[in-house]
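>>> Structure of the sequence below:
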Amino acid sequence: MSITRRSARRSVRILGVASATVALALGVTNSAFACNIREFSAEAKCDGTDGVIVVTDKDPSGQPAVITVFLENNGADEKQVGEPQEIKGSRQGTTVSFTEDWKPNATYRIHVKAGNLVDEDIKPNLTTPSTACKTEDTPAPTPSETAPSPSESESTPAESETPTPSASESTSTAPAETSSNAPSPAVGDSNLAETGANSNTGLIAGVAAAFVAVGGGAVFFGMRRRGANSAR
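Reported below is the predicted structural model:
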């Protein structure tokens, strides 16, 4: 009788240990396949010239999760990117994308909420690449910024180098005014200076001719008078 009780007790103990082992094994198995924050990852990418933030869920259990993305500024949420999106993971990985024109070296916080299993952020926070998806076009300089206008380039030399017509006229008339102040020579003097003769030459020549004529007449009458006296 006592031997039977001992055998029963041993059997109960064996069954209890076996049940506990099975329960522990099942718990470990379930915990191994349960949703975990380490199965989520995020990356900033470019879709052409548009920026996107891609979140990947590699939860093999397929537990639905809600992903929310926030832009960080000095350790605080600056804005929420788009609307929260639901994702159901897989062993190969399932992705969900958020359209965001992210800036280089920006920081984003990605929060995961999967039922009662996960309610935390992906660690560390996402930091975007140092190069943006599209670069801003640099405006080309206008012609007025690179070269002076034709009116400016032409007017400057005219003012600094070429004298005005009024200045040239006043310069040319100045000597005429100074020369007019000197006494002007007589008309006869100017003509004689041009021909090389004196204005009294004609008068002297006339007087000389008169003397020659008078002398000749006197000689003529004197000779006739001598001839008449000798004839007597």
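>>> And the strands in this structure, which stretches?
Using DSSP state E, the strands of the chain run over residues 40-47, 50-57, 64-73, 76-88, 94-99, 107-114, 118-121, 126-127.
>>> Buried deepest among the ones you listed, which one?
Across these, averaging neighbours per residue (mean count of other CB atoms under 10 Å) puts strand 107-114 on top, at a mean of 20. Just so you know, the C-beta spots here come from the backbone N, C-alpha and C atoms, and that holds for glycine as well.
>>> re the thing from before, make a markdown table out of the strands of the chain and add distance to Ala208 and mean pLDDT.
Shown next, in a markdown table, are the strands of the chain (distance: least, CB to CB, whole Å; pLDDT from 0 to 100):
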| stretch | distance to Ala208 | mean pLDDT |
| --- | --- | --- |
| strand 40-47 | 126 | 95 |
| strand 50-57 | 126 | 96 |
| strand 64-73 | 129 | 97 |
| strand 76-88 | 130 | 96 |
| strand 94-99 | 131 | 96 |
| strand 107-114 | 131 | 97 |
| strand 118-121 | 143 | 96 |
| strand 126-127 | 131 | 96 |
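>>> okay if I get these as JSON lines plus distance to Ile14?
Conversion of these to JSON lines gives the following (distance: least, CB to CB, whole Å):
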{"stretch": "strand 40-47", "distance to Ile14": "43"}
{"stretch": "strand 50-57", "distance to Ile14": "43"}
{"stretch": "strand 64-73", "distance to Ile14": "41"}
{"stretch": "strand 76-88", "distance to Ile14": "42"}
{"stretch": "strand 94-99", "distance to Ile14": "45"}
{"stretch": "strand 107-114", "distance to Ile14": "39"}
{"stretch": "strand 118-121", "distance to Ile14": "38"}
{"stretch": "strand 126-127", "distance to Ile14": "53"}
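>>> Which of those sits closest to Cys133?
Closest to Cys133 of the strands of the chain is strand 40-47 (CB to CB; 3.9 Å).
>>> Neighbouring strands - and their directions - for that closest one?
strand 50-57 (antiparallel) (DSSP bridges).
>>> Export only the CA atoms of the strand it pairs with, formatted as PDB.
Extracted C-alpha coordinates of strand 50-57, given in PDB (Å, rounded to 0.1, in the frame of the first residue of the first chain):
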ATOM      1  CA  ASP A  50      12.200  63.200 -53.700                       C
ATOM      2  CA  GLY A  51      13.300  62.200 -50.300                       C
ATOM      3  CA  VAL A  52      11.700  59.200 -48.400                       C
ATOM      4  CA  ILE A  53      12.100  57.500 -45.100                       C
ATOM      5  CA  VAL A  54      11.700  53.800 -45.300                       C
ATOM      6  CA  VAL A  55      10.900  51.600 -42.300                       C
ATOM      7  CA  THR A  56      11.400  47.800 -42.500                       C
ATOM      8  CA  ASP A  57       9.600  45.200 -40.300                       C
END
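>>> any low-confidence regions in the chain?
Filtered on pLDDT under 70, the chain yields the residue ranges 1-13, 15-33, 135-201, 228-232.
>>> Helices along that one, start to end?
2-33, 143-146, 150-160, 165-180, 187-195, 201-231 (DSSP state H).
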